[in-house]
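>>> sequence plus the predicted model coming up.
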Amino acid sequence: MEKIPIFFDFGGTIVDNIKVGQISFNSIFKKNLSVAETKSMYQNMSGKINIKTLFRMPINPISMFLKRKDVSKMQNELIFHHAELFPLSKEFLLKLKSRSEFELVIVTQNPQLKDKQFVNNLFNKLFDADHPFDLILSDFDKVKIIKKHFSAEQISKSLLVGDLQNDMSIAKKLGIPGIGVAWGYANGKLKTHYIARDFDSLYSLVDSHVKSVKKGGKGLLEKIESRI
């Protein structure tokens, strides 16, 4: 049996980089955003931006787009000093890694994670050793890059873990379960049937899904369909 891919968002799910966003926004746009306001920015940017959203955002999305390279450059410099793993995320990942049926995959929109040297330096800092991920995928279109690297059969057995509504939308487009986390940028306020309150409950959800899939079932997706 092929390994079952478990797709993870990076920032806000595995790594706490909220401080990185806060500092870079405040520096580049001359703002004084709080952590809550920074989280709100990411929440709004991960969804559909309309007139109502525009007025609610403390930084204009057009300005964000025009200065996106400056923001990205500063965030990639700050991440080595301010980003850290969420408590118990390392233990959770190593526990999954110890099982032979999983393939752990990071799927991110951060273009710097295409740079092997950047990845090596960052992950060595975060994990103090070889990181547990089998594959790191970076592309603005997460659906496209997942489909490029995995067969339809592999994807059908997988699930995706993330902290923003965009992650749950990606899972829906792929036709797989999306597990939201109660930490990160949206604090668990996501449209999904599954919210993990901590890494123990996340492990239980992943374990339940895989046990069902190995028996020929649909895992968590089967439970979702039964509720519809």
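On my side now, so go ahead. Residues are numbered from 1 along each chain as shown.

>>> packing partners for whichever strand or helix holds Pro5?
According to DSSP states H and E, Pro5 maps onto strand 4-8. If you count contacts as 3 or more CB pairs under 8 Å, 6 or more residues apart in numbering; DSSP states H and E, strand 4-8 packs onto strand 102-108, helix 152-156, strand 159-162, helix 199-214. Every C-beta, even on glycine, is put in place using the N, C-alpha and C of the backbone.

>>> neighbours around Cys125, how many?
To be clear, residue 125 is Lys; Cys isn't right here. 13 (other CB atoms under 10 Å).

>>> what about it, distance to Asn166?
Separation of Lys125 from Asn166 (CB to CB, to the nearest Å): 26 Å.

>>> now swap in Leu160 and tell me
11 Å.

>>> domains for this structure, by residue range?
By the assignment in automatic domain parsing, the chain contains the domains 4-15+85-227, 18-82.

>>> okay, helices next: where are they in this protein?
With DSSP state H, the ranges of helices along the chain come out as 18-29, 35-46, 51-56, 61-66, 68-82, 89-97, 116-127, 142-149, 152-156, 165-174, 199-214, 220-227.

>>> would you turn the ones you listed into JSON lines with mean pLDDT and distance to Ala186?
Formatted as JSON lines, the helices of the chain follow (pLDDT from 0 to 100; distance: least, CB to CB, whole Å):
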{"stretch": "helix 18-29", "mean pLDDT": "95", "distance to Ala186": "11"}
{"stretch": "helix 35-46", "mean pLDDT": "87", "distance to Ala186": "5"}
{"stretch": "helix 51-56", "mean pLDDT": "67", "distance to Ala186": "15"}
{"stretch": "helix 61-66", "mean pLDDT": "84", "distance to Ala186": "18"}
{"stretch": "helix 68-82", "mean pLDDT": "91", "distance to Ala186": "19"}
{"stretch": "helix 89-97", "mean pLDDT": "96", "distance to Ala186": "17"}
{"stretch": "helix 116-127", "mean pLDDT": "92", "distance to Ala186": "22"}
{"stretch": "helix 142-149", "mean pLDDT": "97", "distance to Ala186": "16"}
{"stretch": "helix 152-156", "mean pLDDT": "95", "distance to Ala186": "24"}
{"stretch": "helix 165-174", "mean pLDDT": "95", "distance to Ala186": "7"}
{"stretch": "helix 199-214", "mean pLDDT": "94", "distance to Ala186": "15"}
{"stretch": "helix 220-227", "mean pLDDT": "64", "distance to Ala186": "19"}
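
>>> ok, which of those helices comes nearest Lys191?
Nearest to Lys191 among those is helix 165-174 (6.0 Å), distances taken as CB to CB.

>>> buried residues in the closest one?
Going by neighbour count (16 or more other CB atoms under 10 Å), the buried part of helix 165-174 is 165-171, 174.

>>> let's have those in JSON lines, adding distance to Ser89.
Shown next, in JSON lines, are the buried residues of helix 165-174 (distance: CB to CB, whole Å):
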{"residue": "Gln165", "distance to Ser89": "21"}
{"residue": "Asn166", "distance to Ser89": "20"}
{"residue": "Asp167", "distance to Ser89": "16"}
{"residue": "Met168", "distance to Ser89": "19"}
{"residue": "Ser169", "distance to Ser89": "23"}
{"residue": "Ile170", "distance to Ser89": "20"}
{"residue": "Ala171", "distance to Ser89": "20"}
{"residue": "Leu174", "distance to Ser89": "23"}
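
>>> and the residues you listed, which is closest to Phe92?
Nearest member of those to Phe92, counting by CB to CB, is Asp167, at 17.3 Å.

>>> what distance do you get for that closest one to Lys97?
Counting by CB to CB, the gap from Asp167 to Lys97 is 21 Å.
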